[in-house]
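**Q** Following is a predicted model, sequence given first.
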Amino acid sequence: MRRHFEAISPILEQILYGGSSVSLNLLSITQSLPEEAHLFRAHALNQVILFKYPNFDESQGDGHDFLNCDAGNALSKRPVETGIYIPHDDRQWETGGVAIYLRSRNSTVLLEEHFGPEAVEQESVHNDLRAPNRTISGRSASR
């Protein structure tokens, strides 16, 4: 459901309308799901749009691997990074919002500010990522 706003940036347009190869719109997915089927236990994390972006500058960031998935220097091994778009208005996404780029400087602090301490506690994060019975649009999200 694309709405036309004069001042939408090309980057935001790609995040919102670039399709599943660019983003995962949890705002629209979770609207029709019961709470127990939401992807994340931290409620606010289910009200965002996750997106991918190219990592052109490997010198950016503080070297912190928020998801703790990679050994060694995570930044140099990641040509594609993950971001979280948090719209100011959950009904008018085009009007602006905040983006948090995972693995960037202070991403853990920003995640805690926006979503609370449960969003950055490693045990909680890993439990969300390992939850085998979670589904997205009726499909199993197990790994």
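**A** Ah, there it is. Numbering: from 1, shown residues only.
**Q** Skip ahead from the longest strand along the chain and say which helix or strand is next.
**A** In the chain, taking DSSP state E as the definition, the longest strand is strand 80-87. As assigned by DSSP states H and E, the chain's next helix or strand after strand 80-87 is strand 97-101.
**Q** Run through who's touching whichever helix or strand comes after that next one.
**A** Downstream of strand 97-101, the next assigned helix or strand under DSSP H and E is helix 107-115. Outside helix 107-115, the residues that touch it by Cβ atoms under 8 Å, 6 or more residues apart in numbering are A42, A44, L45, H64, F66, I84, I86, V98, I100, Y101, A119, V120. In this view, the C-beta of every residue, glycine as well, is placed from N, C-alpha and C.
**Q** again with stretch 89-100
**A** Contacts of stretch 89-100 (Cβ under 8 Å, 6+ apart): 3, 5, 8, 12, 16, 27, 47, 49, 83-88, 107, 110-111, 114.
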